[in-house]
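Colleague: Predicted structure and sequence below. I'll ask about it afterward.
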Amino acid sequence: MYRSTGFVSFVLRRLTGIALVLYLIAHIWVIGSVNGGPELFNSRLAAVQTPIFKLAEVALLAAVVYHAFDGIRLLIVHYFDVTEYRKSLFYAAFVVSVILTIAGGLPILLFAFQG
Amino acid sequence: MASPVKSKSMATIRVQRFNPDSDAKPYMQEFQVPNLQGTTLLDALHRIKHEQDGSLTFRRSCRHAICGSCAMNVNGRNILVCKAPLQGQLDRKGAVTIKPLPYLPIIKDLVVDRSTFWNEYLRVKPWLVPPATSPEKEFRMSPQEVAALHNAETCIMCGACYSACQVVALNKEYIGPHALLKSFLRVLDPRDSIPGERLAEVGTDEGVFRCHTIFNCIDACPKNLNPTQAIETLRRLAQKRTAFEAARVERQRTIAGSLDAEVTPAAEGGVGDVP
Amino acid sequence: MSNSETIVHDVIVVGAGLAGTWAALVCGRRGVKDVGVISKVHPLRSHSGAAQGGIAAALNNVRPVEGTGPRGPLEAVPPGSEPADSWESHMFDTIKGSDWLGDQDSIEIMVKDAIDIVYEYEHMGCVFSRLPDGRIAQRRFGGHSAPRANYAADWTGHVLLHTIHEQALRHGVKFYSEWYAKGLIVEDGICRGIVAMDILTGELHTLRAKAVLFGTGGYGRAYEITSNAHANTGDGVAIAYEAGVPLMDMEFVQFHPTGLYKHGILMSEACRGEGGYLLNSRGERFMRQYASDKMELGPRDLVSRSEQTEINQGRGIGPDGKGIHLDLRHLGRERILERLPQVRELSIDFVGVDPIDELVPIQPTAHYSMGGIPTDKDGQVIMNAAGAPLVGFFAAGECACVSVHGANRLGTNSLLEASVFGRRAGEAMARMVLEGARLEPVSGDPTESHRREIRDMLDRGGDESAETIAGELKATMTENCGIFRNAQGLKKALKDVRGLQVRFKDARVMDKSRRFNTDLLGALETKHLLTFSEVIIAGALARGECRGAHWRTDFPQRDDQNWLKHTMAEKRPDGEGPKLSYKSVFIDWQRYPPQERKY
């Protein structure tokens, strides 16, 4: 495939989009179990609070944040004539996503592995 | 302070070869040519063809970036080889990789089959459709209206953008940046009398709404054109089609002015919020 | 198509540049729908698209500001004022530019049709540069006494070519892209079609038609430094000659003054039209010596000769002293970006010089072929000085010789000629077909001899490549049949070319495949270069005078007494060089008698 930042953004957008859909399904699977009574609900909730899932939560944060900021980037590109800055905008969205992922991810992981 | 590229006396040209009549699949072949300053990649290809292997096949004509024949994929990017300095394309080991334009069937070596490219071009009706009556002399078009077309006017239909587009790669029905740029040229031309029909044709899932703003087209264009911007503009106009058509009818009332008539600058043109 | 076929059309056009496409378009409009256009490159790659400066027509949109002289600023002509330009003026400029060898009746048609055809281009959708009031903008050009070059920035040819091609598509013209015309079928004095190769498959086909037009362009590739595309190898001219059609005025080859140094790439005459200077190694505007009135805006042959003289006398620039400087700095950044953007890009891309603040190295470059296939005013090819037609064969554009350019062409007149005479030829062909022309039969298999020739070229195992032979041809043509010529040099060139023709018979083609064989194509093109180069040299050797672009240092005067006539060169059946005869020039002795040509 022809390589470029545009392509990277396109692929990440697709991947994070799919990831978010999968998350949504998992989320409904857990939360929806409220209808099945406290035992079912608690067991499902515990299943998604294992260390692996904590990592997955960080990944989820990354996906949400990237998808959101890339989405904002796209809106800007659609409504303003900024093709001259297309690479800078992509890097900006990417960098903001990374920063926010770290900022949010660190507490998640620290809490998870503390106790 | 000689750069490693310039100090090598020979350059290595890696070319993709393929003759469907005799080869099972494409393969890479290496040639050595003198690493001379002031020579282009096209010069290098010619040297190989004339001195080493006459069967190396590629398209070229004008050699000064106006005919659009020689677009190829060099070091992963689509460029016109006639204006690419040889030394500028060599990596630190003094090598350059040349392949045909991607995503198109290969006819032979670096020559590709552009049928789909030309079909999309035909599809958007590249010809102007003027109003039913023409003036005796020229239509009055202002310098601003002409300037708005500069982005599209110089397109040489080389195919670099089309072949760089990820959407083209994945999607056979996508009209493509070249044809959309052409459509933009006609839609924005105040002399064209079918902007509504054009916007209906390209304002679809196979047209402007298929573009994912990946921007490879801008990166690849040897004329520094901006198909993405053109596509964005068409998107906006497609959503205001009726108003745009009405504005065009209005504009065409004054477009056939005579020498005695008042001047007609773009300000009154009424082509909508065109950037 | 992979099996040999016979294809039939009412009209076949060879060449999809301006001339050919106009002819096809007009046929389509007039109701002759069955038109096939073949082109050895994709139509949009035709060399018409490389033209830069403009297309001439006395539209009268622009005039010099009063009292500011021939290089002063221009202004829009206010509505209702006295016309500042006229077709009569355009006519005189063209006649003078042609050094009185142009046929004046044809020139009159061209300059009158000019006005209408530019408006027609505009109506078809060409995006011309404009004046503030919306009219088409015009600029000065060499050899024209009024600013009448209608332009689209500096990519006029590109705009015209794309527009006319699109219009042809709109009218359903069928294009055979990457088909190469190999031979003209003439039997009993009637042209019946062509033999062409489908480059994709290598297969030869017979194409029969009631009328055939050649719009095959020029032949600058016979020279080392040329503005012409690789495709401009004069195939149409050579094929016609081989079929017995005489060629006219071949010795008149125009060298454009401003080709990029060492590359030959065209730097539009508009550079000088917008006010650029030419400087020698001493920084002098040497044109003062050669054309004190027009200076850099003299006609191309004069300016090229002036440059070459400076170079020959040691005042050239560049490592080999064969260049001249083009100075655009005083035009200012804005004007260059607006009016000469492509020229600037070419300069930056190919010689690393930005004309906004540096001097651009240029040199004369083989640019235009005034000579070619002789025709009447409607593109009908004629076979002798009396004008006997070759029924069914037409030609227009650079490959034809009407003659409107005579011994030298003015800039912006070529886009004009191709358009006007392409259109006229289209009208003539349409008339011919609609009035009931027959599709003439073709005897035997016309492809057979060509098939044999190609087989022979692919099979022979010589050591020398066709490309080496082409290289030597270009060297001798440049050295001996270039800007300045003399008997000794021309005789040497003739000997060289004949030697090369013999060597060519053993030239090898490395690529033996049938599919898209550009090696074979290159060899065929070399053969054609050798064919018509001999005609150029023969004509130049015979013509003992200086006229327009043909300059004999051993005959340093124009000789109207003996040489005010066109050269006609016919192939001799025994193959011993062309047979030369002469055709008179149409001159209106009352209105435009020959004068001294000074600028």
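Modeller: That came through, no problem.

Colleague: which stretches of the stretch 151-275 of chain B aren't confidently modelled?
Modeller: Applying pLDDT under 70 to the stretch 151-275 of chain B picks out residues B:257-275.

Colleague: Show me where it has its helices.
Modeller: B:166-170, B:177-187, B:195-202, B:216-220, B:227-239, B:241-254 (DSSP state H, counting those that start in this stretch).

Colleague: For the second one, name the packing helices and strands.
Modeller: Using 3 or more C-beta pairs under 8 Å, 6 or more residues apart in numbering or on different chains; DSSP states H and E as the contact criterion, the neighbours of helix B:177-187 among helices and strands are helix B:115-123, helix B:150-153, helix B:195-202, helix B:227-239. Quick note: C-beta positions are derived from backbone N, CA and C, even for glycine.

Colleague: for whichever residue of chain A sits closest to chain C, helix, strand, or coil?
Modeller: Chain C sits closest to residue A:84 of chain A, with a gap of 17.2 Å, by C-beta to the nearest C-beta. At residue A:84 the chain is in helix, as set by DSSP: H, G, I helix; E, B strand; the rest coil.

Colleague: So what's the residue count around it?
Modeller: 11 (other C-beta atoms under 10 Å in any protein chain shown).

Colleague: got it, and residue C:334?
Modeller: Counted with other C-beta under 10 Å, residue C:334 comes out at 9.

Colleague: go on, residue C:469?
Modeller: By the criterion of other C-beta under 10 Å, residue C:469 has 22 neighbours.

Colleague: List the contacts of residue C:428.
Modeller: Under the criterion of C-beta atoms under 8 Å, 6 or more residues apart in numbering or on different chains, the contact list for residue C:428 reads C:378, C:379, C:380, C:394.

Colleague: Could you check how far the first one is from chain A?
Modeller: Spelled out, that is residue C:378. According to C-beta to the nearest C-beta, to the nearest Å, residue C:378 stands 51 Å off from chain A.

Colleague: from what I can see that residue touches residue C:426, true?
Modeller: No: judged on C-beta atoms under 8 Å, residue C:378 makes no contact with residue C:426 at a distance of 9.6 Å.

Colleague: got the residue ranges for the strands in the stretch 51-200 of chain B?
Modeller: Ranges of strands within the stretch 51-200 of chain B are B:71-74, B:77-80, B:95-99, B:106-108, B:111-112, based on DSSP state E, counting those that start in this stretch.

Colleague: now for the ones you listed, which one comes closest to residue C:276?
Modeller: Among the strands of the stretch 51-200 of chain B, the nearest to residue C:276 by C-beta to C-beta is strand B:77-80 (26.5 Å).

Colleague: Is chain C within reach of that closest one?
Modeller: No: Strand B:77-80 does not reach chain C (C-beta under 8 Å from any C-beta of the partner chain); its nearest approach is 9.7 Å.

Colleague: can you list contacts of that strand?
Modeller: Here strand B:77-80 makes contact (C-beta under 8 Å, 6+ apart) with A:2, B:65, B:68, B:70-72, B:101-102, B:158-161, B:163-164, B:219-220, B:222.

Colleague: so how far is that strand off the chain centroid?
Modeller: Relative to its chain's centre, strand B:77-80 lies at 11 Å (C-alpha atoms, centre = their mean, to the nearest Å).

Colleague: residues in contact with the nearest residue to residue C:235 once chain neighbours are set aside?
Modeller: Excluding the flanking residues, the one nearest residue C:235 by C-beta to C-beta, 6 or more residues apart in numbering or on different chains is residue C:528, at 4.9 Å. Under the criterion of C-beta under 8 Å, 6+ apart, the neighbours of residue C:528 are C:233, C:234, C:235, C:237, C:238, C:239.

Colleague: do the same with residue C:209
Modeller: For residue C:209, the contact set (C-beta under 8 Å, 6+ apart) comprises C:8, C:9, C:10, C:11, C:12, C:36, C:192, C:193, C:194, C:392, C:439.

Colleague: Let me know the pLDDT of the second one.
Modeller: In the predicted model, residue C:9 carries a pLDDT score of 96.

Colleague: Show the contacting residues for it.
Modeller: So residue C:9 contacts C:34, C:35, C:36, C:174, C:207, C:208, C:209 (C-beta under 8 Å, 6+ apart).

Colleague: And the residue nearest the centre of chain A?
Modeller: Against the mean C-alpha coordinate of chain A, by C-alpha atoms, centre = their mean, the closest residue is residue A:63 at 1.8 Å.

Colleague: Oh, that last question was meant for chain B, not what I typed.
Modeller: residue B:157 (4.3 Å).

Colleague: thinking it is in contact with residue B:225, fair?
Modeller: No: proximity of residue B:157 to residue B:225 does not meet the contact threshold set by C-beta under 8 Å, at 11.2 Å.

Colleague: could you point out where the chain is predicted with low confidence?
Modeller: In the absence of a named chain, this looks at chain A. For chain A, the stretches with pLDDT under 70 are A:1, A:115.

Colleague: Hmm, no, I was thinking of chain C.
Modeller: For chain C, the ranges with pLDDT under 70 are C:1-2.

Colleague: re earlier: can you select the buried ones among the contacts of strand B:77-80 for me in ChimeraX?
Modeller: To isolate the buried members of the contacts of strand B:77-80 in ChimeraX, using 16 or more other C-beta atoms under 10 Å in any protein chain shown:
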select /A:2 /B:65,68,70,71,72,101,102,158,159,160,161,163,164,219,220,222
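
Colleague: which of the contacts of strand B:77-80 are close to chain C?
Modeller: Counting by C-beta under 8 Å from any C-beta, B:65, B:68 from those sit close to chain C.

Colleague: how about the residue nearest to residue C:588 when sequence neighbours are not counted, what does it touch?
Modeller: Excluding the flanking residues, the one nearest residue C:588 by C-beta to C-beta, 6+ apart is residue C:104, at 5.1 Å. Listed by C-beta under 8 Å, 6+ apart, the contact set of residue C:104 reads C:91, C:95, C:585, C:586, C:587, C:588, C:591, C:592.

Colleague: Next: residue C:221.
Modeller: Contacts for residue C:221 (C-beta under 8 Å, 6+ apart) come out as C:228, C:230, C:232, C:233, C:234, C:474, C:525, C:529.

Colleague: just residue C:112 next, same as before
Modeller: Going by C-beta under 8 Å, 6+ apart, residue C:112 touches residue C:87.

Colleague: tell me which element it is part of?
Modeller: Following DSSP states H and E, one finds residue C:112 within helix C:104-124.

Colleague: With just CA atoms, put that helix into CSV.
Modeller: These are the backbone C-alpha positions of helix C:104-124, laid out as CSV (Å, rounded to 0.1, in the frame of the first residue of the first chain):
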residue,chain,number,x,y,z
GLN,C,104,-0.1,35.1,-49.2
ASP,C,105,-3.5,33.9,-50.1
SER,C,106,-3.2,31.1,-47.5
ILE,C,107,-1.9,33.6,-44.9
GLU,C,108,-4.9,35.8,-45.5
ILE,C,109,-7.2,32.9,-44.8
MET,C,110,-5.3,32.0,-41.7
VAL,C,111,-5.3,35.4,-40.1
LYS,C,112,-8.9,36.1,-40.9
ASP,C,113,-10.0,32.7,-39.5
ALA,C,114,-7.9,33.4,-36.5
ILE,C,115,-10.3,35.7,-34.9
ASP,C,116,-13.2,33.3,-35.2
ILE,C,117,-11.3,30.3,-34.1
VAL,C,118,-10.0,31.8,-30.9
TYR,C,119,-13.5,32.8,-29.9
GLU,C,120,-14.6,29.2,-30.8
TYR,C,121,-11.9,27.8,-28.5
GLU,C,122,-13.2,30.1,-25.8
HIS,C,123,-16.8,29.0,-26.3
MET,C,124,-15.6,25.4,-26.1
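
Colleague: Which positions in it come out as buried?
Modeller: In helix C:104-124, counting by 16+ other C-beta under 10 Å, buried: C:104, C:106-115, C:117-124.
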